[in-house]
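Chemist: coords please:
(2 chains)
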Amino acid sequence: MSELKDLYRDVIVDHNRSPRNFRKIAAADRALEGFNPLCGDKLTVYLKLDGGRISDLSFEGSGCAISVASASLMTERLKGKTRAEAEKLFDEVHDLLTRDDAKTDPETLGKLAALSGVREFPSRVKCASLCWHTLKAALADAHQPVSTE
Amino acid sequence: MNKAQKIVPAGFDPLYWRRDFPILSRKVHGKPLVYLDNAATAQKPQAVIDAVSNYYETINANVHRGVHFLSEAATGAYEGAREKVRAYINAASVREVIFTRGTTEAINLVAQSYGRARLKPGDEIIVSLMEHHSNIVPWQLVAGQTGAVLKVIPITDAGELEPGAYEQLFSPRTRLVAIGHVSNALGTINPIKEMAAFARSRGVPVVVDGAQAVPHMPVDVRDLDCDFYAFSGHKMFGPTGIGILYGKEALLSAMPPWQGGGEMIRVVRFDGTTYNDLPHKFEAGTPDISGAVGLGAAVDYLSKIGLPAIQAYEHELLAYATDRIGAVKGVTLVGTARHKASVVSFIMDGVHPHDLGTIVDREGIAIRTGHHCAMPVMERFGLPATARASFAFYNTREDVGALAAALEKARGVFA
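Modeler: As a prediction, this is how the structure comes out:
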């Protein structure tokens, strides 16, 4: 039986309380909104690209602890990564959140592994994945707000 | 034990009635269920469950059309349920009691059958800011179809209608008022009788969303003197999929049919079809017969307890819950009207409603978190969501205590 502690791990609580990279990027190359209207989680992901590399990544918004912590962990992990590395991490996190048999690499994931508890709380998967889908769409230069509902 | 021999205790005892609800003895995540989401749907007493099963086990048949025994028995049960509802809300006649799928369908019926035919460009429909989406969107749809416009009564920070604003919104173009009896997001009770009287003085009909009122207080549609009153079976301890539209006979008679098909016709010919009388004019197709039977059983059950006793008990419980939940550190109550029913909506510093909901769920407690199908209310208070505990007569002070303890626990997780 899933325990609350699996979901609200110290890392998650910390990143919710003090989200990293919680700011706007003034001259962002991409800025895209993610919004789940049914639950109220709303964030904007800001992206600065330097060739094929994410030179800066930040977010603003409000939402539940899972959505905020996920976004904070995402910006911390992906800053400085190449687009290809970011896409790979997107797939790894997606597997982590949705698959029981997820074959994820602890080295690659680092602190993102803290999100694995979300899998046992299906109604919260959309909260954790909102920022990731928003980032992916921003990388693809989409302009429509993203939702994971 | 022969149920007829149970001695009903003097003074309201929620534990006595709670035993009638089988689901309330189950566990969730290993803890006893504490069900505080009654505004979303209410639990069902054994009598309602048995009525539905018994219908299928003994008298199921299609209604109105057959001459065989089962059909007559099923028709008797269905129309008998209609009469029970009539008496429950004190409607003048069963012709004024239409079975629908629920409150939402009932309001859509009025919007499309009454509104669509009559509204002209520039006509005005008054709604309030605290309405449930089901008493907003049907009016937006018919306004879009007809060129009518919505005028919205603003609300105060306490969640009451802004004093005087309703009367001030009336104009020579006002054609209809759509108002909730009790707000599902805030718990506010609106002064329907007074609002209907004012509208009547201007020749304007009033449509009332009574979904959150009928489970908690006696409702007398003739005393309220509203023109339409809509409510749902599943919120008043009956099955899902059944609801009621009450409408004054003169209005319903003049309205064109809503859905076409069997049951609502008298004669069908390709060169012209004639329609059935009330109430069947608005009940096309085979109805939710077992749903109606279950709703009738719910009416019987509630009448046995007595709505005044339920109302009085819940009033006390709500006062207790308001104090107890409000006293939890970091909690701010949302919706503090002077006259409220059943609902305590709140937010907590540093803990998003979603996280609150997940954490208290682990303690076996069911509350609702989100916008409660009342996004305009959320926007008015600048909130993405609230947490909502909503009570019924089988809830206890212990239930409230369990929630308060769980809220403290949630605060601890994020401290």
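
Chemist: Contact residues of chain A facing chain B?
Modeler: Within reach of chain B by C-beta under 8 Å from any C-beta of the partner chain, chain A has these residues: A:1, A:3-4, A:7-8, A:13, A:16-17, A:37-42, A:62-66, A:121, A:123-124, A:127. Using the backbone N, CA and C atoms, a C-beta is placed for each residue, glycine as well.

Chemist: ChimeraX command to pick out the buried ones of the residues you listed?
Modeler: ChimeraX command restricting these to the buried ones, with burial defined by 16 or more other C-beta atoms under 10 Å in any protein chain shown:
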select /A:4,7,8,13,16,39,40,41,42,63,64,65,66,121,124,127
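
Chemist: and the residues of chain A next to chain B, which of them are in helices?
Modeler: A:Leu4, A:Leu7, A:Val13, A:Asn16, A:Arg17, A:Ala65, A:Ile66, A:Cys127 (DSSP state H).

Chemist: who touches the residue lying closest to the third one once chain neighbours are set aside in this structure?
Modeler: The reference is to A:Val13. The shortest distance from A:Val13 to any non-neighbouring residue, by C-beta to C-beta, 6 or more residues apart in numbering or on different chains, is to B:Phe414 (6.0 Å). By C-beta atoms under 8 Å, 6 or more residues apart in numbering or on different chains, the contact set of B:Phe414 is A:Tyr8, A:Val13, A:Asn16, A:Arg17, A:Ala65, B:Gly350, B:Val351, B:Asp355.

Chemist: now B:Asp220
Modeler: B:Asp220 neighbours (C-beta under 8 Å, 6+ apart): B:Ile89, B:Asn90.

Chemist: What of A:Lys136?
Modeler: With contacts defined as C-beta under 8 Å, 6+ apart, the neighbours of A:Lys136 are A:Glu87, A:Phe90.

Chemist: any idea of the pLDDT on the most centrally placed residue in chain B?
Modeler: Centroid-nearest residue in chain B: B:Ala211, 1.2 Å away (criterion: C-alpha atoms, centre = their mean). Listed pLDDT for B:Ala211 reads 98.

Chemist: these two touch, right, it and B:His234?
Modeler: No. Look at B:Ala211 against B:His234 with C-beta atoms under 8 Å: they stay out of range, at 9.4 Å.

Chemist: Quickly list what's touching both of these two.
Modeler: B:Gly102.

Chemist: Read off the pLDDT value for the residue nearest to A:Val13.
Modeler: Note on B:Phe414: pLDDT of 89.

Chemist: Stretch B:28-46 near chain A at all?
Modeler: Yes. Counting by C-beta under 8 Å from any C-beta, chain A has neighbours in stretch B:28-46: B:His29, B:Gly30.

Chemist: Pull out the buried residues from that stretch.
Modeler: By neighbour count on 16+ other C-beta under 10 Å, the buried set for stretch B:28-46 is B:Leu33, B:Val34, B:Tyr35, B:Leu36, B:Asp37, B:Asn38, B:Ala39, B:Ala40, B:Ala42, B:Gln43, B:Lys44, B:Pro45.

Chemist: how close does the closest residue to the last one other than its chain neighbours get to B:Ala297?
Modeler: The one in question is B:Pro45. The spatially closest residue to B:Pro45, leaving aside those adjacent along the chain, is B:Asp20, at 4.1 Å (C-beta to C-beta, 6+ apart). Look at B:Asp20 and B:Ala297: by C-beta to C-beta, to the nearest Å, they are 12 Å apart.

Chemist: who's more crowded, the two?
Modeler: Neighbours per residue, other C-beta atoms under 10 Å in any protein chain shown: of B:Asp20 and B:Ala297, the larger number sits with B:Ala297, 27 against 20.

Chemist: ok, back up a step: what sits against the residue nearest to the centre of chain B?
Modeler: The contact partners of B:Ala211, taken as C-beta under 8 Å, 6+ apart, are B:Gly102, B:Thr103, B:His132, B:Ser134, B:Gly180, B:Asn184, B:Ala230, B:Phe231, B:Ser232, B:Lys235.

Chemist: And the residue of the stretch 51-200 of chain B that's closest to chain A?
Modeler: B:His133 (11.7 Å; C-beta to the nearest C-beta).

Chemist: what about the helices in chain A?
Modeler: Ranges of helices within chain A are A:4-7, A:10-17, A:65-78, A:83-98, A:106-109, A:125-139, based on DSSP H.

Chemist: in chain A, which helix or strand is least confident?
Modeler: Sorting the helices and strands of chain A by mean pLDDT, DSSP states H and E puts helix A:106-109 at the bottom, at a mean of 84.

Chemist: ok, now which ones touch the closest residue to A:Ile25 other than its chain neighbours?
Modeler: Nearest residue to A:Ile25 in three dimensions, chain neighbours excluded: A:Tyr46, at 3.9 Å (C-beta to C-beta, 6+ apart). Residues near A:Tyr46 by C-beta under 8 Å, 6+ apart: A:Arg23, A:Lys24, A:Ile25, A:Ala28, A:Arg30, A:Ala31, A:Asp56, A:Leu57, A:Ser58, A:Phe59, A:Glu60.

Chemist: Quick check: A:Tyr46 vs chain B, distance?
Modeler: To chain B, A:Tyr46 is 20 Å away according to C-beta to the nearest C-beta, to the nearest Å.

Chemist: State the distance from that residue to A:Lys136.
Modeler: 15 Å.

Chemist: Any stretches of chain A with poor pLDDT?
Modeler: For chain A, the stretches with pLDDT under 70 are A:1-2.

Chemist: Over to the stretch 201-350 of chain B?
Modeler: For the stretch 201-350 of chain B, counting by pLDDT under 70, not a single residue falls below.

Chemist: Do a quick rundown of the helices in it.
Modeler: Per DSSP state H, counting those that start in this stretch, the stretch 201-350 of chain B carries helices over the ranges B:221-224, B:249-254, B:289-305, B:307-326.

Chemist: What sits closest to B:Gln18 if chain neighbours are left out?
Modeler: Let me fix one detail, which is that residue B:18 is Arg and not Gln. B:Tyr394 (4.2 Å).

Chemist: Surely that neighbour touches B:Ser25?
Modeler: No. Proximity of B:Tyr394 to B:Ser25 does not meet the contact threshold set by C-beta under 8 Å, at 11.2 Å.

Chemist: residue contacts, the residue of chain A found nearest chain B?
Modeler: Per C-beta to the nearest C-beta, A:Gly40 is where chain A lies closest to chain B, at 3.1 Å. Counting by C-beta under 8 Å, 6+ apart, A:Gly40 touches A:Gly63, B:Pro353, B:His354, B:Gly370, B:His371, B:Met378, B:Pro384, B:Ala385.

Chemist: Among these, pick out the one closest to B:Ile153, please.
Modeler: Proximity of these to B:Ile153 (C-beta to C-beta) peaks at B:Met378, which lies at 17.1 Å.

Chemist: Let me know the pLDDT of that closest one.
Modeler: Reading off the model, B:Met378 has pLDDT 94.

Chemist: Then B:Met1?
Modeler: So B:Met1 comes in at 43 (pLDDT).

Chemist: rewinding a little: anything in contact with each of B:Asp20 and B:Ala297?
Modeler: B:Ala47.

Chemist: among the contacts of A:Tyr46, which two are most distant?
Modeler: Largest separation among the contacts of A:Tyr46 by C-beta to C-beta: A:Arg23 and A:Arg30, giving 15.3 Å.

Chemist: okay, these two: which has more neighbours?
Modeler: Comparing A:Arg23 with A:Arg30 by other C-beta under 10 Å, the one with more neighbours is A:Arg30, at 21 against 13.

Chemist: list the contacts for the more buried one?
Modeler: Residues in contact with A:Arg30, defined by C-beta under 8 Å, 6+ apart, are A:Val45, A:Tyr46, A:Leu47, A:Leu49, A:Ala138, A:Leu139, A:Asp141.
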